[in-house]
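1. Provided below are the primary sequence and the corresponding predicted coordinates.
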Amino acid sequence: MEGVLWYVFASTRGGENRARLLRAIDEQPRNANRLAEELDLDYTTIRHHLEVLEENNIVTASGDEYGAVYLPTEQARANWETVEEVLDTVLDEETEEQ
């Protein structure tokens, strides 16, 4: 899982947005529309990043497609120390670049 996390968040375009998404979902599971509003990102951008996170077994959807609430998977939770390390690194790097 560690390699997947580094790839999804640190080695691809959009890693910072995915990191912000996962942090928001960890704080409180939400649907895509709410995430778009709270993170000030386009809804289609949010949907794309959620799909990447789902494909890599980092988040899962609960409920129907439009109103689905996203939350971290059990696999992500089992590796949460590594998740935090990766997110801290990615988000700290982005802050330093600005």
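-> Noted; the coordinates are in hand.
2. So for the helix or strand of the chain with the lowest mean pLDDT, what gets flagged as buried?
-> For the chain, counting by mean pLDDT, DSSP states H and E, helix 80-97 ranks last in confidence among helices and strands (a mean of 85). For helix 80-97, burial by neighbour count (16 or more other Cβ atoms under 10 Å) applies to 83, 86, 87, 90, 91. The C-beta positions use only the backbone N, C-alpha and C, and glycine is treated the same way.
3. now do stretch 7-26
-> 8-10, 15-22, 24-26.
4. CA atoms only for it - export them in CSV, please.
-> Output in CSV follows, covering the C-alpha atoms of stretch 7-26 (Å, rounded to 0.1, in the frame of the first residue of the first chain):
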residue,chain,number,x,y,z
TYR,A,7,2.4,7.2,-6.4
VAL,A,8,-1.2,8.6,-6.0
PHE,A,9,-0.3,11.6,-3.9
ALA,A,10,3.4,12.4,-4.7
SER,A,11,4.2,11.2,-8.2
THR,A,12,1.2,12.3,-10.3
ARG,A,13,-0.4,15.5,-11.2
GLY,A,14,-3.2,16.4,-8.9
GLY,A,15,-1.6,14.8,-5.9
GLU,A,16,-2.1,17.9,-3.7
ASN,A,17,-5.8,18.0,-4.5
ARG,A,18,-6.1,14.3,-3.7
ALA,A,19,-4.3,14.9,-0.4
ARG,A,20,-6.7,17.7,0.4
LEU,A,21,-9.6,15.5,-0.5
LEU,A,22,-8.5,12.7,1.7
ARG,A,23,-7.9,15.0,4.6
ALA,A,24,-11.4,16.5,4.3
ILE,A,25,-13.0,13.0,4.0
ASP,A,26,-11.0,11.9,7.1
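5. Thank you kindly, that will do.
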